[in-house]
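Student: Sequence and predicted structure are below.
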Amino acid sequence: MRRFPVDIKRYAGVCFLLALCLGWMEAAQGAVTVRVIQDMTPSSGMAGYGQDDTGSFIALRGGGGEHVVVQLLVRTDVPPLKDISFVFDVVGLDNLKAWRSWSIWNVPEVGVPVLIKGPMQPALQTTEAGRFPRFDLPDANALGGRPLTEALPSVASCSVYIECELPRGKAGTYAGRLSMLSEGMTVAQIPVQVDVLPYDLPETPDFIVEMNSYGDWTRLLAPTVANYHAIHRLFRHFRSTFTLVPYRQDGSAVLPFLEPVVKGYTGGIAMDWQDFLKANGPLFDGTAFADGHPLSHFLLPFRYGWPVHGARDGDPRLAELRRNAGLRQAMRAFFAEKGWVTEKERPHTRFQEFHNENPEHGSNGPWFMDEPRTQQDMEGHALYTSFKVDGFPAYRVDISDWRRVRNGLERMGSYVDDWYISVNPAYLDGEALAIFRDLQGQRGSDAANQEGWLFGYGELAGFVRDGKAVSHAALVAALCRYWSMDLDGYAQWITDLWKPANEPELPPEARPLYFANAGGARTLFWPGTYLGVDGPLPSLRLFSVRQAVQMIDTASLVCRRHPERCKAVRERLASLSSEDERENRMYMQGLQTILTEHGEQ
């Protein structure tokens, strides 16, 4: 048990009050005003100044390993601010990032990295791309070069997100200040107090949020291993996981390094693993990530006709039997040699076999493996489940209208390890949960001691509706609701359909992007090409996705330590507001209070 001496707490409190008084004046000096907003929904223009939950000091709290975030609404009159950066002067807290917002459809949506340093850092941090774009106010923002508010054409504003990862095992109160610099000169200062609570979040999340892609990002980002790793790292930073389907629905490969090259069959299957190993080995052993943990799960390239072309003539079952003989044995043997397939007690990547072939989209296969709709389609899945070797790989099926293939489920469903069910209420209900959990309970000894997964999949809220930002409370409420249903995770399909807007009068870095899906619901990251950054940039909604996962992690800790409270906790998380972020934060604080009642680390 760790307690803070009374004199230290009193001294810290006096210092914080003094800093608060000084900071209130400094934050509004000259032509610069900085407002602190606790909501993650982005603010722009003067909108944030009408919110009740604003102020001129930063107060944050969370458990060890938690990412705490605050939004700043920076407003400036003339003269303009140039080369804006930040200094987070709080001793003991130096795992920092800062992001400015960039607008699409006049709504802040993209997070662009901004220079920030801690008190002990001799040099400003750099991004993976090696440099930061210039951050000026006012600038030719994504509003088509128009001022952010028609009423105040000489005023510019921008949301900035400051985040800090709290240290593990170092509970206490940390105080200091955040300074905003323009061309190296301080233009605003805000007092900061951060309470690191006496518990740590799990290093890997209890509830997996999966971001699935067909590789559409390769249209505006180079299809390189570097960008592939950068996207994986981006989603890991926001406590989620990136899953790239290795082939399109017509069966063609998305990227060559997602599958080994099969070189021959004589005397056994020979495979060239060089490119696959270079791209994916660091994901499986954890060296690709700052936290050192392996990728949670990975889709293997097994599909109809791979590794040789498959036609519809003849008996497709016999053709696939010949084609797949030895493939899984060879792959499992190689993975075991590399240490990627290990005993249960050691975290490792879960390798999934996922069939998404669709004849309507060009597949030569005779079955609709994507969301099977007939008993014949279920027979296709039954064939591939028969190829597993000692439970490798975990077999996954994504399904929506499961009732029309119910007979097929009863015949072969117990051979499926991982079920992903559409979160449409017509498909995911109490009956579905009971049936699919029962199927997983029937799995045989070839399950390789792996628990089966039950995920929901669908579409989270977009970022814009009727020209206004959608409340980020909707994302938190949805993910917490899925956890309360006792799901193991949620899969979000992302299509990444980016296109540059046709506004030639603007410089390339100022051109907004638009996309083909309504409200941006399926776009959770963006190309930095138009913003002076090489590689992917996050949607601002990822801050709330991570917030939801951290809330679930906190709720899971409460359930483990206080089982008698778990039922009430799940019921409350199932009913979080989809509009009011403050209400949801208050409940998160309630969970934190439960965990800190005894002051144990």
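Tutor: Thanks, I have the structure now.
Student: sec struct for residue 34, please.
Tutor: With DSSP: H, G, I helix; E, B strand; the rest coil as the basis, residue 34 sits in strand.
Student: In this structure it contacts residue 179, no?
Tutor: No. Here residue 34 does not reach residue 179: they are 10.4 Å apart, not a contact under Cβ atoms under 8 Å. For every residue, glycine as well, the C-beta is placed using N, CA and C.
Student: which of those two has more neighbours?
Tutor: residue 34 (21 against 17; other Cβ atoms under 10 Å).
Student: Find residues that contact each of residue 34 and residue 179.
Tutor: Residues touching both residue 34 and residue 179 by Cβ atoms under 8 Å, 6 or more residues apart in numbering: 188, 190.
Student: Please list all residues in contact with the residue nearest the centre of the chain.
Tutor: The chain has residue 240 as the residue nearest its centroid, 3.6 Å off, counting by Cα atoms, centre = their mean. Contacts for residue 240 (Cβ under 8 Å, 6+ apart) come out as 208-211, 542, 545-546, 549.
Student: Nearest residue to it in space, please, no chain neighbours.
Tutor: If the residues on either side of it in the chain are set aside, residue 240 comes closest to residue 209, at 4.0 Å by Cβ to Cβ, 6 or more residues apart in numbering.
Student: circling back to that earlier point, return the subset of the contacts of residue 240 lying in strands.
Tutor: Of these, the ones assigned to strands by DSSP state E are 208-211.
Student: By neighbour count, which of these wins?
Tutor: When neighbours are taken as other Cβ under 10 Å, the top entry among the ones in strands among the contacts of residue 240 is residue 209 (27 neighbours).
Student: Apart from its neighbours in sequence, what residue is nearest residue 278?
Tutor: Excluding the flanking residues, the one nearest residue 278 by Cβ to Cβ, 6+ apart is residue 225, at 6.4 Å.
Student: phi, psi of that neighbour?
Tutor: Residue 225 adopts backbone torsions of phi -60, psi -40, taken as degrees, to the nearest 10.
Student: so what's it up against?
Tutor: Residue 225 neighbours (Cβ under 8 Å, 6+ apart): 257, 278-279.
Student: Likewise for residue 184?
Tutor: The contact partners of residue 184, by Cβ under 8 Å, 6+ apart, come to residue 83.
Student: Can you tell me how far it is from residue 191?
Tutor: 22 Å (Cβ to Cβ, to the nearest Å).
Student: Kindly report the same for residue 379.
Tutor: 66 Å.
Student: Enumerate the strands of the stretch 251-400 of the chain by residue range, in sequence order.
Tutor: Applying DSSP state E, counting those that start in this stretch to the stretch 251-400 of the chain gives strands spanning 261-264, 270-272, 297-300, 350-354, 394-399.
Student: Determine which of those strands approaches residue 521 most closely.
Tutor: When these are ranked by distance to residue 521, counting by Cβ to Cβ, first place goes to strand 394-399 at 17.8 Å.
Student: Residue 279: neighbouring residues, count only.
Tutor: Neighbour count of residue 279, defined by other Cβ under 10 Å: 19.
Student: nearest residue to it other than its sequence neighbours?
Tutor: Spatially, and ignoring its direct neighbours in sequence, residue 279 is nearest to residue 257 (3.9 Å; Cβ to Cβ, 6+ apart).
Student: Same check on residue 232?
Tutor: Using Cβ to Cβ, 6+ apart and skipping the chain neighbours, the partner closest in space to residue 232 is residue 242 (4.9 Å).
Student: for this protein, what's the longest strand?
Tutor: Secondary structure assigned by DSSP E gives strand 185-200 as the longest strand of the chain.
Student: Now that one: average pLDDT?
Tutor: Averaged across strand 185-200, pLDDT comes to 95.
Student: which helices and strands does it pack with?
Tutor: helix 6-26, strand 32-37, strand 58-64, strand 67-76, strand 172-182, helix 581-596 (3 or more Cβ pairs under 8 Å, 6 or more residues apart in numbering; DSSP states H and E).
Student: Could you tell me the least trusted of these?
Tutor: Least confident of those, judged by mean pLDDT, is helix 6-26 with a mean of 42.
Student: How much space separates the residue lying closest to residue 114 once chain neighbours are set aside from residue 62?
Tutor: Spatial nearest neighbour of residue 114, chain neighbours left out: residue 98 (4.2 Å); criterion: Cβ to Cβ, 6+ apart. Separation of residue 98 from residue 62 (Cβ to Cβ): 18 Å.
Student: When the two are compared, which one has more neighbours?
Tutor: Higher neighbour count among residue 98 and residue 62: residue 98, with 26 against 22, using other Cβ under 10 Å.
Student: On the three-state scheme, the more buried one is what?
Tutor: Residue 98 ends up strand, using three-state DSSP.
Student: so what's it scoring on pLDDT?
Tutor: If you check residue 98, the pLDDT there is 95.
Student: Sort out which residues of stretch 326-335 are buried, please.
Tutor: Neighbour-count burial for stretch 326-335 flags 327-332, 334-335 (criterion: 16 or more other Cβ atoms under 10 Å).
Student: Those in helices, which ones?
Tutor: Among the buried residues of stretch 326-335, the ones falling in helices (DSSP state H) are 327-332, 334-335.
Student: which one among these gets closest to residue 88?
Tutor: For those, the residue nearest residue 88 by Cβ to Cβ is residue 335; the value is 41.9 Å.
Student: I'd guessed the closest one sits against residue 329; true?
Tutor: No. Counting by Cβ under 8 Å, residue 335 does not reach residue 329; the two are 11.0 Å apart.
Student: where's residue 305 relative to residue 529, distance?
Tutor: Computed with Cβ to Cβ, the distance linking residue 305 and residue 529 is 35 Å.
Student: Residue 167 too?
Tutor: Separation of residue 167 from residue 529 (Cβ to Cβ) stands at 35 Å.
Student: about what we covered before: residue 396: which of the ones in strands among the contacts of residue 240 is nearest?
Tutor: Nearest member of those to residue 396, counting by Cβ to Cβ, is residue 210, at 10.9 Å.
Student: Which strand residues bridge the closest one?
Tutor: Taking DSSP bridges as the rule, residue 210 bridges to residue 241, residue 491.
Student: Let me see the contact set for the residue lying closest to residue 206 once chain neighbours are set aside.
Tutor: Excluding the flanking residues, the one nearest residue 206 by Cβ to Cβ, 6+ apart is residue 556, at 4.4 Å. With contacts defined as Cβ under 8 Å, 6+ apart, residue 556 is in contact with 202, 206-207.
Student: nearest to residue 172, of the residues you listed?
Tutor: The closest of these, once distances to residue 172 are taken by Cβ to Cβ, is residue 202, at 20.9 Å.
Student: Quick one: residues contacting that closest one.
Tutor: By Cβ under 8 Å, 6+ apart, the residues touching residue 202 are 65, 553, 556-557.
Student: and it, helix, strand or coil?
Tutor: Assigned state for residue 202: coil (three-state reduction, three-state DSSP).
Student: ok, back up a step: residue 379 and residue 191 - which one has more neighbours?
Tutor: Neighbour comparison, residue 379 and residue 191: the larger count goes to residue 191, with 25 against 16 (by other Cβ under 10 Å).
Student: Residue 354 bridge partners, please.
Tutor: Per DSSP bridges, residues listed as beta-bridge partners of residue 354: residue 396.
Student: quick one, what contacts it?
Tutor: By Cβ under 8 Å, 6+ apart, the residues touching residue 354 are 245, 299-300, 396, 398.
Student: quick one: residue 353 and residue 396 touch, right?
Tutor: Yes. In terms of Cβ under 8 Å, residue 353 counts as a neighbour of residue 396; the distance is 6.6 Å.
Student: which residues do the two both contact?
Tutor: Shared contacts of residue 353 and residue 396, defined by Cβ under 8 Å, 6+ apart, comprise residue 299.
Student: Can you report how many residues lie near residue 587?
Tutor: If you count neighbours by other Cβ under 10 Å, residue 587 ends up with 18.
Student: cool, and residue 83?
Tutor: Residue 83: 14 surrounding residues under other Cβ under 10 Å.
Student: Residue 33 versus the closest residue to it other than its chain neighbours, what's the distance?
Tutor: Leaving out its chain neighbours, the residue that sits closest to residue 83 by Cβ to Cβ, 6+ apart is residue 183, at 4.9 Å. Separation of residue 183 from residue 33 (Cβ to Cβ): 18 Å.
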